[in-house]
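Okay, sequence plus prediction incoming.
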Amino acid sequence: KQEVTQIPAALSVPEGENLVLNCSFTDSAIYNLQWFRQDPGKGLTSLLLIQSSQREQTSGRLNASLDKSSGRSTLYIAASQPGDSATYLCAVGTGANNLFFGTGTRLTVIP
Amino acid sequence: GAGVSQSPSNKVTEKGKDVELRCDPISGHTALYWYRQSLGQGLEFLIYFQGNSAPDKSGLPSDRFSAERTGGSVSTLTIQRTQQEDSAVYLCASSFGPGGRPEAFFGQGTRLTVV
């Protein structure tokens, strides 16, 4: 069974700092990997989707990379802002009927 | 619709009562997922619908849980004889399904509290 791990569980950084969130998965036979953010009491907002054939995706200040062979993905956030404070979740798509989620990294950006 | 819509946003029910949670996916999305998120926990897969195919019910935690998807669009998750451990946020997502862009979009969730 696919297991997804996110480290660290929580992270606090001062505003303006660049940061990296990590996601690892145990089965490299994935179809895609998706990063989400979740604000308290809210649903999930899709940030980036990386197909298995891709190495990275960029959207604004966000850059997500994927290394299938090592079972890792990173989400890089440049010039962090207080509005980036949220829980970030990665999810691995196996091509079957499921997205396997990590437990998330709770990010706090301190003004 | 413009996004995945779930109703109600909040539901408080007494232990033993039945509840129905509704999900209206994005128009054109053939795949629909239900997840459960308990306090401080990750997302737990419940059930998956794809078009007219038989749903994948492998994540349903007990036979008190069931789900339907009528006309390939709106889905209803039903929990019978609710228990306190059913308290959680129930999230619905939709995507284009096989052959289409697999990006999943989530609704805002239904927060269920069983008292």
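Thanks, I have the structure now. Given the structure is predicted, the values throughout are model-derived calculations rather than measurements.

so what does the helix or strand that contains residue A:73 touch, helix or strand wise?
Using DSSP states H and E, residue A:73 falls within strand A:72-77. For strand A:72-77, the helices and strands in contact under the criterion 3 or more C-beta pairs under 8 Å, 6 or more residues apart in numbering or on different chains; DSSP states H and E are strand A:19-25, strand A:32-38, strand A:44-51, strand A:62-67, strand A:86-93. Where you see a C-beta, it was placed from the backbone N, CA and C, and this is true even at glycine.

again, only using 6 Å
Counting contacts by 3 or more C-beta pairs under 6 Å, 6 or more residues apart in numbering or on different chains; DSSP states H and E, strand A:72-77 is packed against strand A:19-25, strand A:62-67.

what does chain A have sitting close to chain B?
Where chain A comes near chain B, counting by C-beta under 6 Å from any C-beta of the partner chain, the residues are A:32, A:43-44, A:46, A:49, A:93, A:97-98, A:101, A:103.

most neighbours, which of those?
Within these, most neighbours by other C-beta atoms under 10 Å in any protein chain shown means residue A:44, with 28 neighbours.

Show me the strands in chain B, by range?
Taking DSSP state E as the test, the strands found in chain B are B:5-7, B:10-13, B:19-24, B:31-37, B:43-50, B:65-69, B:75-79, B:88-95, B:105-106, B:110-114.

wait, which of the residues of chain A next to chain B is closest to residue B:31?
residue A:97 (8.2 Å; C-beta to C-beta).
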